[in-house]
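Engineer: Build me a structure from this.
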Amino acid sequence: MEMKTTLFRRRIYLATFIALALARPEGDREREAELVRETPLEIDVESGAYKFGFETSNGISRDESGRIVEVGEEKGQMSEGKVTYTAPDGTIVTLTYIADENGFVPAGDHLPVPPAVPDHIVQLLADLAAAATKKV
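Structural biologist: Residues are numbered from 1 along each chain as shown. Next up is the predicted model:
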């Protein structure tokens, strides 16, 4: 139980740190943002579920929820959330994420995307797969 509590606390600390880093004013953003919406941290001690969120007057918002899930024969924690802020160029950036037994998986239009696999590599892989089945 202590390990689960430690993991939960680490995730809350990480989430808080990210939120604070994103909320830090930069450049000409000297006015202080006001809290527009707040969903205080709610924890269901029995189930291990939690949720929290906020939105500020400068367009920053964050919502996260989590719960205990079965991972094989053991229990683990799954968290998912969304962060929105305005980039220096005025673009609204939205990051969604899931953190579970597969690690932290972010998604957003602002994240880099790997290039497509070239056609000749796709053909080479198909040829190799065909050759492997012929040898068996």
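Engineer: Would you state the helices of this structure in chain order?
Structural biologist: 2-23, 119-135 (DSSP state H).
Engineer: weakest of these by average pLDDT?
Structural biologist: In terms of average pLDDT, helix 2-23 trails the rest of the helices of the chain, at a mean of 76.
Engineer: ok, and what's touching it?
Structural biologist: 33, 41, 48, 50, 54, 56, 60, 62, 64, 66, 68, 75, 77, 79, 81, 83, 85, 99 (CB atoms under 8 Å, 6 or more residues apart in numbering). Bear in mind the C-beta positions are built from the backbone N, C-alpha and C, glycine included.
Engineer: hang on, the earlier thing: can you lay out the helices of the chain as a markdown table showing distance to Val105 and mean neighbour count?
Structural biologist: A markdown table is the format used below for the helices of the chain (distance: least, CB to CB, whole Å; neighbours: other CB atoms under 10 Å):
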| stretch | distance to Val105 | mean neighbour count |
| --- | --- | --- |
| helix 2-23 | 14 | 12 |
| helix 119-135 | 25 | 9 |
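Engineer: Between the ones you listed, which one is closest to Pro112.
Structural biologist: The closest of the helices of the chain to Pro112 is helix 2-23. By CB to CB, the value is 18.8 Å.
Engineer: measure Ile12 to Glu73 for me?
Structural biologist: 26 Å (CB to CB, to the nearest Å).
Engineer: ugh, typo on my part, it should be Val113
Structural biologist: For Val113 relative to Glu73 (CB to CB), the value is 36 Å.
Engineer: quick one: contacts for the nearest residue to Thr94 once chain neighbours are set aside?
Structural biologist: Nearest non-adjacent residue to Thr94, counting by CB to CB, 6 or more residues apart in numbering: Thr84, 4.8 Å away. By CB under 8 Å, 6+ apart, Thr84 lies in contact with Gly59, Ile60, Ser61, Arg62, Ile92, Val93, Thr94, Leu95.
Engineer: Which one (most neighbours) among those residues?
Structural biologist: In terms of neighbours by other CB atoms under 10 Å, these top out with Arg62 at 22 neighbours.
Engineer: hey, what's it bridged with?
Structural biologist: Phe54, Val83 (DSSP bridges).
Engineer: Then the one 5 residues further on?
Structural biologist: Counting by DSSP bridges, Arg67 forms beta bridges with Met78.
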